[in-house]
Structure formats: structure tokens, C-alpha cells
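In: Give me a model of this one.
(chains A, B, C and D)
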2 protein chains.
Amino acid sequence: MTNKTTPDKFDSQLMRGSLDLMVLAILDREAQYGYSIQQKLREASGEKVDLKAGTLYPILHRLEAEKLIRSKWDESSARKRKWYELTKTGRKRLQQQAQTWHAYVHCIQSLLPPKLALTLPAP
Amino acid sequence: MTNKTTPDKFDSQLMRGSLDLMVLAILDREAQYGYSIQQKLREASGEKVDLKAGTLYPILHRLEAEKLIRSKWDESSARKRKWYELTKTGRKRLQQQAQTWHAYVHCIQSLLPPKLALTLPAP
DNA sequence: ATTCTATATATAGATAGGCTATATATATTG
DNA sequence: CAATATATATAGCCTATCTATATATAGAAT
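Out: The predicted model follows:
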């Protein structure tokens, strides 16, 4: 039985629209391959973000098609891995998306009744 | 031509998953009818949230089916309006969703590089 | 009078992005 | 030798939002 009172994962609908931001943010730290991105996101989020392979890989392919990230196969290591890193355009996009994200967070905050709103620093 | 540099509206994908929260939050202020919810959201967001009728009305019907809001036709006024108000369950749900939202915001903040992250109060 | 705009609600169908399921392949552990 | 973890990939499903359309009336403009 699943625990509905303290759900261990964020709803996929909620994350829709910020998955790109998350992936770009994780890649800004250091170059990663798909599987490690998946793990890093899971760990960094306290298991609340657990992207399935069928979600993550299409995102990576899309980001690469948009030239926000670039890839390189590593055949030398024990396992065949496809490493990704941010491009210059990708870094810019990360900044833009972070800005948009903050604007959106402020917007929601202003809609919430004061009792339920976090205090946020002015934009 | 649309202005891509300073988009006047939030992407629909970004808002996906938090529209219910917004509608519940607006209704927590006072009872509203559909059209006024649409306007209030647009004004309160600085034109950045502009729900189309085809988006809003299905949301209201779904929230009512979940008994989070209740409706009442007003035939007396010049125009036929369907007024909505929060139920007790709806108020609880608003609190829950606000909590989840805050947790999610904190999660994203922790993923962003410090330079791009807002400083948030501890949860 | 008539046309246009704003107000007010409703729904069918298109779109898009995340999910499920499945496939392939290899290293490691028991 | 079997089971599990690592590693990537894609076809097809699901669903919430959007587009387009429909209906109806009040008020303003011509």
C-alpha cells in the first residue's frame, strides 16, 4: 500500500515544466552521464524526484537537439557511458529558466493567503 | 510577432500542476464566479497568468466533482453567473497543496547553483 | 437599428511531455 | 549460474492544458 499522507515523490504534473531546469542545474555542477543524473537528482531531492529512464533519456535527447548540452561516448571505461556537458547556450538557458522559475514562485506566493505563503526576498 | 526576450506569460507546461493551487488560493480570498477568477488571476499575476476559458472551466468542474468547491447559479443579477466557494475539504486541500508546493520550491532551490538560487527561509 | 466588444459559461478535439513497458547489453554479487 | 545493478533507448499510453467553437446577453459605438 502506498502512503498518501506523506507522499515520497512529487507529482509528475507538478514537475512538468521544471525538469529541464533540474537537468541543466545538475549538469552545471559537473559533466554527467544519464544514469548518474538520475541518481544525483534522486539523492539531492531526498528521493522525492525519481526520474524514470523513459523520462530522462528523451529529455537529454531533446536538450542536445536544442544544443543546450553536448554528448560524448566513453568506450574506455568498464561500461559504455554517454557523458553530457552544458554548452555555453545551455548555461545561458539555465540562467533564463532560473529567472523565470523565480518569477513564477513569487507569483504563486503573492496568490497564496499570507498564512500559507513563505516570506520571500524581493525580486 | 511575439516577444521572446521578455515573455509576458508563463509557459503552460510550467503552470501545469499548480493551477489547482492557484484557483483554490483565489477562492480562499472570497467567493468568485469563473470569469472573475480568470480576471483576478490575470491582474494578480501582472498579466503573466491568463487562463483561457477552455482551461479554467474544466478545472472548476473537476474541483467541484472532488467536492473541493461548491457552486450556486445566480439568476438574479443582470448576467447569469455561477458562483464558487471553497468547501472545508477544499480549504484543507489548499493547505496541503501549499505545503507540497513549498517543499518543491525548496527542492529546486537546492538543485540550483548558489549563484542562481534565491535565499529561502528554512522549512 | 445594428454592429462591435465585453461578459459569461461550456465542450470537443489537438497537443505535448512525462510514464509504462519493453528491449538490449554487460558488470558485479551471491 | 542466476539475480541484481548499471547503462541506454524507444514505442505507445495517459492526461492536463490549449485551441477552436458554440451559445447567450449587456452595453457602447456608429
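In: Can you tell me the element the residue nearest the centre of chain A falls in?
Out: Residue closest to the mean C-alpha point of chain A, counted by Cα atoms, centre = their mean, is residue A:22 at 1.6 Å. Assessed by DSSP states H and E, residue A:22 sits inside helix A:19-29.
In: That helix and DNA strand D, any residue contact?
Out: No - using Cβ under 7 Å from any atom of the strand, we find that helix A:19-29 stays clear of DNA strand D, coming within 12.6 Å at best. Every C-beta, even on glycine, is put in place using the N, C-alpha and C of the backbone.
In: In the sheet, which strands lie alongside whichever helix or strand comes after that helix, parallel or antiparallel?
Out: Where DSSP H and E defines the elements, the next helix or strand beyond helix A:19-29 is strand A:32-33. Next to strand A:32-33 in the sheet, as set by DSSP bridges, lie strand A:81-86 (antiparallel).
In: got a list of contacts for the helix holding residue A:22?
Out: If you take Cβ atoms under 8 Å, 6 or more residues apart in numbering or on different chains as the criterion, helix A:19-29 is touched by A:15, A:32, A:37, A:40-41, A:44, A:49, A:51, A:55-56, A:59-60, A:63, A:68-69, A:84-86, A:90-91, A:93-94, A:97-98, A:101, B:108, B:111-113, B:116.
In: what do you get for stretch A:56-72?
Out: Stretch A:56-72 has contacts (Cβ under 8 Å, 6+ apart) with A:19-20, A:23-24, A:27, A:34, A:37-38, A:51, A:82-87, A:89-90, A:93.
In: For PyMOL, what selects the buried ones among the residues you listed?
Out: Filtering those down to the buried ones (16 or more other Cβ atoms under 10 Å in any protein chain shown) takes a single PyMOL command:
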select buried, chain A and resi 19+20+23+24+27+34+37+38+51+84+86+87+90+93
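In: Of the contacts of stretch A:56-72, which are in range of DNA strand C?
Out: Near DNA strand C, taking Cβ under 7 Å from any atom of the strand as the test, the members of those found are A:19, A:20, A:51.
In: Now flag whichever of the residues you listed is closest to DNA strand C.
Out: For these, the residue nearest DNA strand C by Cβ to the nearest atom of the strand is residue A:19; the value is 4.1 Å.
In: ok, now how distant is that closest one from residue A:61?
Out: Residue A:19 sits 13 Å away from residue A:61 when distances are taken as Cβ to Cβ, to the nearest Å.
In: quick one: is the longest helix anywhere in chain A near chain B?
Out: When chain A is parsed with DSSP state H, its longest helix is helix A:88-111. Yes - with Cβ under 8 Å from any Cβ of the partner chain as the criterion, chain B is reached by helix A:88-111 at A:94-95, A:98, A:100-105, A:107-108, A:110-111.
In: low pLDDT regions in chain A?
Out: Applying pLDDT under 70 to chain A flags residues A:1-7, A:119-123.
In: can you list the residues of it near DNA strand D?
Out: Taking Cβ under 7 Å from any atom of the strand as the criterion, chain A approaches DNA strand D at residues A:13, A:33-36, A:53-54, A:57-58, A:60-61, A:79-83.
In: So residue A:79 versus residue A:86, what's the distance?
Out: From residue A:79 to residue A:86 the distance is 23 Å (Cβ to Cβ).
In: I meant residue A:63, not that one.
Out: Residue A:63 is 9 Å from residue A:86, where distance means Cβ to Cβ.
In: try residue A:12
Out: According to Cβ to Cβ, residue A:12 stands 25 Å off from residue A:86.
In: returning to that earlier point: in ChimeraX, how would I select the buried members of the residues of helix A:88-111 next to chain B?
Out: Buried members of the residues of helix A:88-111 next to chain B, defined by 16+ other Cβ under 10 Å, are picked up in ChimeraX with:
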select /A:94,98,100,101,102,103,104,105,107,108,111
